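A.B. asks: Structure of the sequence below:
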Amino acid sequence: MYDSLMDGIVAKPDVLQLHRDSIRVTVQGAIPLSFLKQDSKIYLYPEYIYGEGSLRLGEIIPFDGAYTKNLVEAKVEETIVFPYLPGMEKGELIIKGVVERKKGIFQAPNKVIATGLETSPLLTRYGQVLSDQPIPSIGIYMTKIFEDRKQTEIRDFYIPFEIGNGQKQNPVFPVAFNDYVIKGEPAMKINKVVVTGLSSPEPKDNIMGLAKKRGDFVTERLKMNRSLSNVPIESMYRSGDWFDLRQLLTDYEGITQEQKEDVYTVLLNGSSFASQLASLQKLPGYRNIARDLFPMLRSAKVSFELENTRFNDTEISASVFALLNNNTPLEGFDKDHLTYAAQNALKLDEKEAIYKKLNELFPTELSYNNLGVVYLNMAQRELDLRKKNIFISEAISNLTQANNIKASSISLHNMGRAYLLRGDYFEAYVAISEASALEKEETNDFLNYNEGLRGALDILNGDYKLATIRFNRTVENESNFFNRGLAYFLTEDYLSASKNFESAVQADRETGYGFYGLALVAAVNGDKEVFLENLGKAIERSEFLKDKALKDINFKNYRDDQEFINLFR
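C.D. replies: Okay, here's the model as predicted:
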């Protein structure tokens, strides 16, 4: 009696589609007039059956017994959203119909209104972990370029002499100078010593040959010092020259800036030394200069050329990590040392320890961002869900700090990565979009990279046409070619899809994804030979794709084919 109750009920689409982490389907149609009786109520119960499980999807009441003469049919228009669960690919959406009457309850035969689930969006590449692939690193570190950093540094000491004298009695060197020669500086190696004999422009000190005598005298004494026995020591001198006075003037605060400008004007006017001295003596600031700076020119200047050994040490990262583990003070390490060490550390736990120390001592946008990236990659590698979520929270916390110091596209991109790891596609998309908005140059390398992830999120969100546009401004690599091909495939532009899958194969044959994409196109086009050839190459290269192929709704017409079955043996 009720066999035809649901003849007019259908599902749109009849092959269910996955969007983000859920499935949306509309049940529509009508119950014919012949079933609409005053004593009848009609209930429809949609249910998704898959594997050994099933998911009840609520209740639809197309007719509640309110009969009128004008009634022609009971229309049904119900949109249902339910979560995607693993194993649903081969399921069926069925409708159970129940008619409740005074005579009793009658059940109509179940009707299958949708078969299978299109899960091709799950093929989207965005840096996720796959069981048979190396774990990809995610996120973008901010880097500091050290190429222009001085590999050597200079330390200057002035050894004073009595006016007019080229020699001096012991002690020749001040206590501070002797201490420096013996102890040196942590992580600094003395490569060379240059002694420059000087004389001041004072009449009693401006004597021919005095500057050379002072330089030679100090050089000989240094050569007798055991601490410098393996260090080359050079001797030179300067006299009748204002070079050293100009250097001393740089940090001198005994005269005003205007007076200092007047002094520089004289020193750089190109006239003779004697003429310049006469001009200086007329300036208001001359008396102060003569009192404070001329005595420093009655000297020999000793310049130590130092090599920053810790900065150049190839084991710097491990050394810093060991010091941190042992709670040893980081004496001699500045912000650049720690930044360099963190950038070159190979292990995540080493990077974590060093960036945490940087945040403690020298907090910057770079240190917070990079610690956030470290936690992203720790979460990427963590199987324990509780620990994974802790790492994600730590990443978000540090990236937020980085963004508070200075809003940047890199930290926003990384924030999007963190939300993506958490499965929050909406917040991930917002962060990634904001990252692109901060970039002004259309050809910017970062923008091209970021738009690739944004396009991947478009696919996951079901915006396939938008994704095809997005991928026109991305980096051309294997994963972006595949994702663009997938977006075209899902818009049913199979020619464009095929071209991009071919490009993915050319970029990297070993992942198998490009071949799988070509198999998808061949399957919907009914080209069995091309389908089998490409699918075989794909599943040979990837266990993940092999498992996916067994459940792929696009291959349903081939599942019973012996040649298809043989591919999996």
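A.B. asks: Next, count neighbours for the nearest residue to Gly164 once chain neighbours are set aside.
C.D. replies: Nearest residue to Gly164 in three dimensions, chain neighbours excluded: Lys204, at 4.7 Å (CB to CB, 6 or more residues apart in numbering). C-beta: built from backbone N, CA, C; applies to glycine. The tally of other residues near Lys204 (other CB atoms under 10 Å) stands at 13.
A.B. asks: separation between the residue of the chain most remote from its centre and Asp39?
C.D. replies: The C-alpha centroid of the chain is most remote from Lys103, which lies 68.5 Å away (CA atoms, centre = their mean). According to CB to CB, to the nearest Å, Lys103 and Asp39 sit 8 Å apart.
A.B. asks: burial of Phe82, as a residue count?
C.D. replies: By other CB under 10 Å, neighbour count at Phe82 equals 18.
A.B. asks: Hmm, it is touching Ser22, no?
C.D. replies: Yes. Applying CB atoms under 8 Å, one finds Phe82 in contact with Ser22, separated by 6.5 Å.
A.B. asks: My guess is Tyr513 contacts Thr124. True?
C.D. replies: No. Counting by CB under 8 Å, Tyr513 stays clear of Thr124, with 10.3 Å between them.
A.B. asks: Show me which of those two is the more surrounded one.
C.D. replies: Between Tyr513 and Thr124, counted using other CB under 10 Å, the more crowded position is Tyr513 (27 against 20).
A.B. asks: so where's the chain shaky on pLDDT?
C.D. replies: Within the chain, the segments meeting pLDDT under 70 span 67-72, 147-151, 310-319, 321-323, 326-333, 442-443.
A.B. asks: Tell me the secondary structure at the residue most central in space within it.
C.D. replies: Using CA atoms, centre = their mean, the residue of the chain that lies closest to the mean C-alpha position is Ile140, 1.3 Å off. Using DSSP: H, G, I helix; E, B strand; the rest coil, the structure places Ile140 in coil.
A.B. asks: distance of it from Arg417?
C.D. replies: From Ile140 across to Arg417, the span is 9 Å (CB to CB).
A.B. asks: Could you list every helix and strand in contact with the lengthiest helix in the chain?
C.D. replies: Looking across the chain with DSSP state H, the single longest helix is helix 385-405. Packing partners of helix 385-405 (3 or more CB pairs under 8 Å, 6 or more residues apart in numbering; DSSP states H and E): helix 365-380, helix 409-422.
A.B. asks: domain assignment for the chain?
C.D. replies: Taking automatic domain parsing as the domain assignment, the ranges for the chain are 10-118, 152-252+293-308.
A.B. asks: between the ones you listed, which one is nearest to Glu451?
C.D. replies: domain 10-118 (19.6 Å; CB to CB).
A.B. asks: So which residues of the stretch 201-350 of the chain form helices?
C.D. replies: Remark: helices assigned in the stretch 201-350 of the chain by DSSP state H, counting those that start in this stretch are 210-223, 243-250, 257-267, 273-280, 286-292, 294-297, 309-312, 316-325, 335-344, 348-361.
A.B. asks: Tyr558 is nearest to which of those?
C.D. replies: That would be, of these and by CB to CB, helix 348-361, which comes in at 43.7 Å.
A.B. asks: residues making contact with that closest one?
C.D. replies: The contact list for helix 348-361 (CB atoms under 8 Å, 6 or more residues apart in numbering) reads 317-318, 320-321, 324-325, 330, 335, 338-339, 341-342, 345, 364, 367-368, 370-371, 374-375, 377-378, 381, 398.
A.B. asks: For ChimeraX, write the select line for the buried members of these.
C.D. replies: Per 16 or more other CB atoms under 10 Å, the buried members of the contacts of helix 348-361 correspond to this ChimeraX selection:
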select :317,318,320,321,324,330,338,339,341,342,345,364,367,368,370,371,374,375,377,378,398
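A.B. asks: how close does the residue farthest from the centre of the chain get to Phe35?
C.D. replies: Per CB to CB, Lys103 is found 14 Å from Phe35.
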